[in-house]
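> For reference, the sequence and a predicted model appear below.
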Amino acid sequence: MVYFVGAGPGATDLITVRGMELLKKADLVIYAGSLLNPELLGYCPAHTTVMNSASMTLEEVIAAIAACAPNSHIVRLHTGDPSIYGAIREQMDRLDALDIAYTVVPGVSSFCGAAASIQAEYTLPSVSQTVIISRMEGRTPVPQKESIRSLAAHQATMVLFLSAGMLENLCAELMAGGYPPETPVAVVYKATWPDEEIVRGTLQTVPELASHIQQTALVLVGEFLGDEYERSKLYDPSFSHACREAKV
Ligand code: SAH
């Protein structure tokens with residue numbers, strides 16, 4: 001059995017209990033070494049074979065899995081949650097073709113870790129009820145209909161992965177799409193790691209303020225970072241819902 005496990009954003013106690021238990025039983029762990037906190041491998045027993053996928057191709061990863069004895073317990077460890085820029089679909093399709101069984105164990109995505117680090121809520125009443133997760137086009141193309149400029153037109157909360165090294169371009173595109181230049185931005189580097197760093201600014205100021213941050217960072221954009229919002233209906237005394245009658 002192969003377990004695709006989300007390792008969480010970095011802190012070793014932010015992997016799920018299920019993920020940790022699977023690491024404790026692993027015969028083989030193939031981990032995404034470029035981003036993953038290596039201390040997580042401390043959960044593995046002494047007999048575990050550990051491979052870093054950073055220098056491997058998809059074919060080599062699948063070959064390493066296929067070479068294991070039939071009843072081996074294999075963990076494919078991805079950062080954050082595997083469903084976000086995890087490149088797991090292509091692995092699952094190849095395992096299907098080889099008739100190798102697998103399951104997916106979710107993880108805390110870095111975009112949740114980053115919100116916790118800056119103590120923010122992405123979905124504030126009357127500010128934004130939508131979170132757009134995207135990335136700038138780099139060597140990986142982004143479909144034209146999802147250009148940053150077109151997504152920016154919503155002025156919703158935006159979380160940009162894989163884009164910290166292109167901050168100047170990114171902010172220019174966000175402004176060209178409709179966000180005012182004074183829109184607040186937070187760049188969160190290595191959220192939940194011991195060397196986490198947070199840089200706050202606006203679309204206009206942040207490219208310079210965060211120019212030293214090139215990777216392993218998220219760019220969070222929107223008025224959810226500001227101070228204006230309405231209180232929620234859920235906890236409003238004058239609002240009734242399935243679990244509570246209005247009190248006034
Ligand atoms: N599956 C992962 C994302 C992998 S893509 C997840 O759910 O978080 C890799 C990108 O994720 C990085 O370039 C960076 O933008 C972001 N990232 C991953 N871990 C991060 C962290 N601890 N802090 C900030 N950004 C992080």
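Ah, there it is.
> and residue 21, what helix or strand is that in?
Residue 21 is located in helix 17-24, with elements delineated by DSSP states H and E.
> what's that helix packed up against?
Where contact means 3 or more C-beta pairs under 8 Å, 6 or more residues apart in numbering; DSSP states H and E, helix 17-24 is packed against strand 2-6, strand 74-78, strand 102-105. Bear in mind the C-beta positions are built from the backbone N, C-alpha and C, glycine included.
> Going by contacts, tell me the helices and strands next to the last one.
By that I understand strand 102-105. strand 2-6, helix 17-24.
> Quick check: mean pLDDT of the shortest one?
Which is strand 2-6. For strand 2-6, mean pLDDT is 98.
> In its sheet, which strands sit next to that strand, and in what direction?
Taking DSSP bridges as the criterion, strand 2-6 sits next to strand 74-78 (parallel), strand 102-105 (parallel) in its sheet.
> Let me see the domain layout of this protein.
Following the assignment in automatic domain parsing, the chain carries domains at 2-108, 111-225.
> right, and the helix or strand after the biggest helix by length in the chain?
For the chain, the helix with the greatest residue count under DSSP state H is helix 167-177. As assigned by DSSP H and E, the chain's next helix or strand after helix 167-177 is strand 184-189.
> tell me which parts of this protein are close to the ligand?
Within the chain, the positions near the ligand by C-beta under 6 Å from any ligand atom are 9-10, 35, 78-81, 84-86, 109-110, 113-114, 161-162, 188, 190-193, 215-218.
> Return the members of those classed as buried.
9-10, 35, 78-81, 84-86, 109-110, 113-114, 161-162, 188, 190-193, 216-218 (16 or more other C-beta atoms under 10 Å).
> could you pull out the helices for the protein?
Taking DSSP H as the criterion, the chain carries its helices at 17-24, 58-66, 89-97, 110-117, 148-152, 167-177, 206-209.
> The longest one to strand 184-189, inter-axis angle?
Spelled out, it's helix 167-177. 150 degrees (axes from the mean of the first three to the mean of the last three C-alpha atoms, to 10 degrees).
> just to revisit the earlier point, please identify the deepest-packed of the strands paired with strand 2-6.
Greatest average neighbour count among the strands paired with strand 2-6 goes to strand 74-78 (a mean of 26), per mean count of other C-beta atoms under 10 Å.
> How far off centre is that one?
Chain-centre distance of strand 74-78: 17 Å, with C-alpha atoms, centre = their mean, to the nearest Å.
> buried residues in stretch 171-183?
In terms of neighbour count (16+ other C-beta under 10 Å), stretch 171-183 has its buried residues at 171, 173-175, 177, 179, 183.
> Report the rounded mean pLDDT for that stretch.
For stretch 171-183, the mean pLDDT works out to 97.
> is the nearest residue to residue 77 once chain neighbours are set aside in a bridge, and if so with what?
Leaving aside its chain neighbours, residue 77 sits nearest to residue 31 (4.0 Å; criterion: C-beta to C-beta, 6 or more residues apart in numbering). Note on residue 31: beta-bridge partners by DSSP bridges are residue 52, residue 77.
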